[in-house]
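K.L.:
I'd like to go over a predicted model; first the sequence, then the structure.
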Amino acid sequence: MSEYNFAYLDEQTKRMIRRAILKGLAIPGYQVPFASREMPMPYGWGTGGVQVSAAILTPDDRFKVIDQGADDTTNAVSIRSFFERTANVATTTATEDASVIQTRHRIPEDTLTEDQVLVYQVPIPEPLRFLEPRESETRKMHSLEEYGLMHVKLYEDISRHGHIATSYAYPVKVEGRYVMDPSPIPKFDNPKLDDMAAIQLFGAGREQRIYALPPYTQVVSLDFDDHPFEASKADQICGLCGAADSYLDEVIVDDAGGRMFCCSDTDYCSRRRAAGHQGPAFPGSEVAA
Amino acid sequence: MTPLLSVQEISKSYGTHIGCADVSFDLYPGEVMGIVGESGSGKSTLLNCLAGHIAPDFGRVVFDTRIDGPKDTVTMSEPERRMLGRTDWAFVHQHARDGLRMGVSAGGNVGERLMAVGERHYGDIRHKAADWLDRVEIDTDRIDDRPTTFSGGMQQRLQIARNLVTGPRLVFMDEPTGGLDVSVQARLLDLLRGLVRDMGLSAIIVTHDLAVVRLLADRLMVMKSGHVVEAGLTDQVLDDPQHAYSQLLVSSVLQV
Ligand SMILES: Nc1ncnc2c1ncn2[C@@H]1O[C@H](COP(=O)(O)OP(=O)(O)O)[C@@H](O)[C@H]1O
Ligand SMILES: [Mg+2]
Ligand SMILES: [Zn+2]
């Protein structure tokens, strides 16, 4: 890989991406177009996030990659090893040790700090796309703050399901101005977007958009007065570590189709277990599985 | 009395081809103006200039705004004009699919304007949507159905409900009964006439169907090749047309 520049992209491209990032930070929630480059991986693999990470990584960084909260999925492993090879950057699975965290579909459970940057992989950056396919029109809606359509989407949800059924990519309003798609994170994570100490950067490769939230930005989830936003999760505790406050995935644990809920944030869960916490599925636990 | 809309010397060309030329008239509150003329005479061009959908090459469209009084909508800022477009103005398209969101339920279609002006109570929005469906004679059981499952006449009535729900002061209509079966047209006309009377609506209705203006319009303008060739009270123009072209139009010699 020595024929590549540090972090794969050439300096010219990185400067272009950094300009887009800075513009995004200056206008929180605004989608900045950028000239997305071909990356040596398919679009669905988070090329937008990878390009943002490539533009901000320095040799001193410690890099963590999570996919649905886990460090060990194929996608997370391959992005981590990509930067190990092209940037020779140190990596970690521990949230608190990482200076840059690239993520798909989750925000870590641990509260992030001012010394960290969270990079989101974004498939579809335009929150209005679902109801208004014309980009010329959605751009106008953003610039004129015409966001009634966003509530039409939530209205449709309630009329069909009796409640706001949107549980991923739940739309938010940033600093009372731009409506933003937070990428397909569960709505459980939405409150973490608000007032976060870390910088949050969003990269959409195929759609060629970058947007950003500077530290301590106000982020409010859209809702109705009589159907307020709720950051819901499965009403269970983690089978492995017993956590009641973390986002849970339901996993199949045996051939008989047995199921168990466990933390989607694998680092959070393993640190809790290392500290002695036990969930009901843990062998020898006093609470039977 | 201040006109609700004062149209002054509006002209719009497409290259060297005239769309409409030098059109002026005043519309007073509660009045319905009909614009008739054969296909290609410039009716839609004029209506779109008035509604702010296309920019005229020349002229003023002065609307009596609630807050600032008479204001030229041609030169006002785009956000301000678009705000009028979803509050005090309404636009009923000939083809319902141009004026509806086909992927959104009937209730969502009617509720959109309410949400666009800041209504945030789901129960209230739904209640108002149901009320309006009822007023345009759509069974409220259909509130969660998409317009794709509606007949042409129902789609057009839904479009009207969606437009009137915020109580606009001026309604633009482009061939509102065009493309519908004759019996469906009659029902829609009845409904429109009732709404215009009950709500005291001011409206500008473009049509090539003289029956529509006979029933709905107080006054009439006859257009030919982009120009207004005759204007007056509807009954006067239809019963005693002065201009040779109006005479042809009324005698149905023209295939309009
Ligand atoms: N977008 C356009 N580009 C060029 N010519 C147009 C356009 N729209 C309308 N015209 C022309 O302008 C004239 C008036 O058209 P229009 O306003 O649609 O008439 P009407 O609604 O009375 O049928 C016609 O000759 C038409 O061909
Ligand atoms: Mg026309
Ligand atoms: Zn756990």
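P.N.:
Okay, I see it. Ligands and ions are numbered 1, 2, ... in the order given.
K.L.:
look at the closest residue to A:G46 other than its chain neighbours and say how many residues are nearby.
P.N.:
Leaving aside its chain neighbours, A:G46 sits nearest to A:Q121 (3.4 Å; criterion: CB to CB, 6 or more residues apart in numbering or on different chains). Where you see a C-beta, it was placed from the backbone N, CA and C, and this is true even at glycine. For A:Q121, the count of nearby residues is 27 (other CB atoms under 10 Å in any protein chain shown).
K.L.:
also A:F202?
P.N.:
By the criterion of other CB under 10 Å, A:F202 has 27 neighbours.
K.L.:
now it: which helix or strand?
P.N.:
Using DSSP states H and E, A:F202 sits in strand A:199-204.
K.L.:
and the next element down the chain from that strand?
P.N.:
Downstream of strand A:199-204, the next assigned helix or strand under DSSP H and E is strand A:209-213.
K.L.:
assign the closest residue to ligand 1 within the stretch 101-250 of chain A to helix, strand or coil.
P.N.:
Taking CB to the nearest ligand atom, ligand 1 has its nearest neighbour within the stretch 101-250 of chain A at A:S136, 16.7 Å off. Secondary structure, DSSP: H, G, I helix; E, B strand; the rest coil: A:S136 is helix.
K.L.:
if I look at it, how far off is ligand 3?
P.N.:
Using CB to the ion, to the nearest Å, A:S136 is found at 47 Å from ligand 3.
K.L.:
hang on, the earlier thing: can you list the strands that the strand holding A:F202 pairs with?
P.N.:
strand A:117-121 (parallel), strand A:209-213 (antiparallel) (DSSP bridges).
K.L.:
identify the residues contacting it?
P.N.:
Applying CB atoms under 8 Å, 6 or more residues apart in numbering or on different chains, the external contacts of strand A:199-204 come out as A:21, A:24-25, A:46, A:48-52, A:56, A:116-125, A:182-183, A:193, A:209-215, A:217.
K.L.:
state the mean pLDDT of the host helix or strand of B:L158.
P.N.:
Here B:L158, judged by DSSP H and E, is contained in helix B:152-164. Averaging pLDDT along helix B:152-164 gives 95.
K.L.:
again, but for stretch B:244-255
P.N.:
78.
K.L.:
what of stretch A:68-85?
P.N.:
Mean predicted confidence for stretch A:68-85 is 94.
K.L.:
please apply the same query to stretch A:273-288.
P.N.:
76.
K.L.:
what's the burial count for residue 79?
P.N.:
Since you didn't name a chain, this refers to chain A. A:I79: 25 neighbours (other CB under 10 Å).
K.L.:
meant chain B actually
P.N.:
13.
K.L.:
quick check: it touching A:K140?
P.N.:
No - if you go by CB atoms under 8 Å, B:P79 and A:K140 don't touch, sitting 9.7 Å apart.
K.L.:
now do the shared contacts for the two.
P.N.:
In contact with both B:P79 and A:K140: no residue, using CB under 8 Å, 6+ apart.
K.L.:
residues contacting residue 114?
P.N.:
Here I'm looking at chain A. A:A197, A:A198, A:P215.
K.L.:
try again with chain B
P.N.:
B:I125, B:K128, B:A129, B:V165, B:T166.
K.L.:
for those, which one is nearest chain A?
P.N.:
B:I125 (6.6 Å; CB to the nearest CB).
K.L.:
excluding chain neighbours, what is closest to the closest one?
P.N.:
B:G111 is the one closest to B:I125 (CB to CB, 6+ apart), at 4.4 Å.
K.L.:
angle of the one helix or strand the one you found maps to against helix B:152-164?
P.N.:
Under the criterion of DSSP H and E, B:G111 resides in helix B:106-116. Counting by axes from the mean of the first three to the mean of the last three CA atoms, to 10 degrees, helix B:106-116 lies at 20 degrees to helix B:152-164.
K.L.:
C-alpha coordinates for whichever helix or strand comes after helix B:106-116, PDB please?
P.N.:
Next along the chain after helix B:106-116, taking DSSP H and E as the criterion, comes helix B:122-135. Provided in PDB are the C-alpha atoms of helix B:122-135 (Å, rounded to 0.1, in the frame of the first residue of the first chain):
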ATOM      1  CA  TYR B 122     -52.100  15.700  15.300                       C
ATOM      2  CA  GLY B 123     -55.600  15.300  16.600                       C
ATOM      3  CA  ASP B 124     -56.600  18.800  15.500                       C
ATOM      4  CA  ILE B 125     -55.100  18.400  12.100                       C
ATOM      5  CA  ARG B 126     -56.900  15.100  11.600                       C
ATOM      6  CA  HIS B 127     -60.100  16.600  12.700                       C
ATOM      7  CA  LYS B 128     -59.900  19.500  10.300                       C
ATOM      8  CA  ALA B 129     -58.900  17.100   7.500                       C
ATOM      9  CA  ALA B 130     -62.000  14.900   8.200                       C
ATOM     10  CA  ASP B 131     -64.200  18.000   8.300                       C
ATOM     11  CA  TRP B 132     -62.900  19.100   4.900                       C
ATOM     12  CA  LEU B 133     -63.300  15.700   3.300                       C
ATOM     13  CA  ASP B 134     -66.900  15.900   4.400                       C
ATOM     14  CA  ARG B 135     -67.300  19.300   2.900                       C
END
